[in-house]
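Student: generate coordinates for the sequence data below:
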Amino acid sequence: MFSITINLIQLFQLIVLIFLASILIKILKLFCKRWKLIAAMKPFPGPPAHWLYGHALEFSQDGTDLDKTVTWAKKYPYGHQVWFGPFTAYLAVYHPDYAKALLASSEPKDDVVYRFMLPWIGDGLLINSGQKWHRHRRLLTPGFHYDILKSYVQEIAESTKIMLDENGIGLSDEDLRAEVDTFMFEGHDTTASGISWLLYCLAQHPEHQQKCREEIRELLEGQEKFEWEFLSKMPYTTMCLKESLRLYPPLPGVSRKLSKPLIFPDGKQVPEGRIFQNLLLFEQMIVNRAPTSINPTLRCTCSLLKLDSCFAISN
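Tutor: Alright, predicted model coming up:
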C-alpha cells in the first residue's frame with residue numbers, strides 16, 4: 001500500500017513536471033517570436049510602445065483613431081511598426097515607393113485583420129483567397145461588369161444564370177449569401193460614404209462646386225435626359241470625385257501577409273510571415289502641398305497606378 005502511494009505521488013509529480021515544461025516551452029516560443037519580430041521591425045522605428053499592451057492603448061475607439069494614424073504618418077512618412085500586445089506586430093506603410101513594392105506583389109490577404117469581418121459579411125471575395133477567391137471571381141465577374149449598367153435588368157438576370165449554372169458548378173447558398181453581403185458592404189456602403197464625402201468637399205469649396213455645376217449644365221443643355229455617354233464628358237467633376245476619394249477613402253487601407261521576403265526600393269527588407277497594413281493615407285503625401293487641400297486639376301494624371309506622373313507634377 002505504501003509503495004502504491006509513493007508511485008502515485010511520483011506519477012503526479014511527473015505529470016506536473018511535464019505540464020510545467022510544456023508551459024515553459026510555449027513561453028520560450030512566444031519570446032522567440034517576439035525577438036524575431038523585434039529584429040524584423042528594427043529598420044522601421046515607430047512611436048513608443050508599452051512593453052505589454054504595445055500601441056493598443058493608443059486607439060481609444062472614440063472616433064479619433066484615424067487622426068492618430070495621420071499623426072504617425074506625418075512623423076514616419078515611409079512606415080513604422082505597430083504593436084498589439086507583446087507578440088503581435090504590423091508594419092504600417094504610407095509612402096508610394098513602399099506601397100508600390102507591396103501592391104505590385106501577389107501576397108495573400110492576412111489571416112488576422114480580415115477574419116474580424118467573417119461573422120459580418122461571410123467568406124466572400126473580400127475575405128477569401130487562393131483558389132476559392134479565383135473561382136468566385138470568375139463566376140461573379142459577369143454579374144458585375146461595368147457595362148451592365150447600360151441594360152441593367154436584362155443583364156443582371158442573364159448574369160445570375162451564369163453564376164448559378166456555369167459548367168454545372170455554381171455557388172452554394174452559403175457562398176451566395178456571403179458574396180451578396182460582401183457586395184452590399186463593398187458596393188452600397190462605400191458608395192454612399194464616397195458620395196457623402198464628395199458633397200462635403202464641394203460644400204467646403206464652393207469655387208470647385210460652381211465649376212462642376214457649370215460643366216454639367218453645359219453638358220445637359222438642350223438634352224432631355226442624362227445619357228450613358230455623358231459620364232465620360234465630365235472631366236472636372238470626375239477630378240473632384242477623385243480628389244474626394246484621395247482625402248476621404250471609404251476603405252482607408254489593405255492588409256497583406258508576406259509569403260516571401262519583401263525588399264523596398266531603399267534596400268530595407270522584411271522577412272516572410274510579417275503582416276502589412278498599407279494605409280491609403282500615403283496618397284495624401286503624393287503631391288507637394290497640404291494634404292487636406294483640394295486641387296482637382298492635379299487628378300488628370302495622378303493615380304495609384306501612375307505614381308511617377310504625380311511626382312512629376314508636384315516637383
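Student: residues near residue 200, how many?
Tutor: Other residues near residue 200 come to 13 when the count uses other C-beta atoms under 10 Å. All C-beta atoms are positioned from the backbone trio N, CA, C, and that covers glycine.
Student: tell me which element it falls in.
Tutor: Assigned by DSSP states H and E, residue 200 belongs to helix 190-204.
Student: where along this protein do the helices fall?
Tutor: With DSSP state H, the ranges of helices along the chain come out as 2-41, 65-75, 96-103, 118-121, 130-140, 152-165, 173-183, 190-204, 206-220, 235-247, 307-314.
Student: for residue 44, list the residues it contacts.
Tutor: The neighbourhood of residue 44, defined by C-beta atoms under 8 Å, 6 or more residues apart in numbering, consists of 76, 78, 79, 80, 81, 91, 268.
Student: just to revisit the earlier point, weakest of the helices of the chain in terms of mean pLDDT?
Tutor: Note on those: helix 307-314 shows the lowest mean pLDDT, a mean of 28.
Student: the residue positioned nearest the centre of the chain and residue 202, how far apart?
Tutor: Nearest residue to the geometric centre of the chain (C-alpha atoms, centre = their mean): residue 254, 1.7 Å. Note on residue 254: its distance to residue 202, by C-beta to C-beta, to the nearest Å, is 27 Å.
Student: and residue 132, by the same measure?
Tutor: For residue 132 relative to residue 202 (C-beta to C-beta), the value is 41 Å.
Student: next up, the contacts around residue 263.
Tutor: Taking C-beta under 8 Å, 6+ apart as the test, what residue 263 contacts is 101, 269.
Student: number of nearby residues for residue 112?
Tutor: For residue 112, the neighbour count with other C-beta under 10 Å is 13.
Student: now residue 113: closest residue in space that isn't a chain neighbour?
Tutor: Sequence neighbours aside, residue 255 is the residue nearest to residue 113 in space, at 4.3 Å (criterion: C-beta to C-beta, 6 or more residues apart in numbering).
Student: beta partners of that neighbour?
Tutor: residue 277 (DSSP bridges).
Student: rewinding a little: centre of the chain to the helix holding residue 200, how far?
Tutor: 20 Å (C-alpha atoms, centre = their mean, to the nearest Å).
Student: so which bits of it are buried?
Tutor: 194, 197, 198, 201, 202 (16 or more other C-beta atoms under 10 Å).
Student: any idea how far residue 109 is from the fourth one?
Tutor: Okay, so that is residue 201. Remark: distance between residue 201 and residue 109 (C-beta to C-beta) = 30 Å.
Student: before we move on, what about the last one?
Tutor: Here the criterion is C-beta to C-beta. By it, residue 202 lies 34 Å from residue 109.
Student: check residue 100 too.
Tutor: Counting by C-beta to C-beta, the separation of residue 100 from residue 109 is 18 Å.
Student: do you know how far residue 235 is from residue 219?
Tutor: 11 Å.
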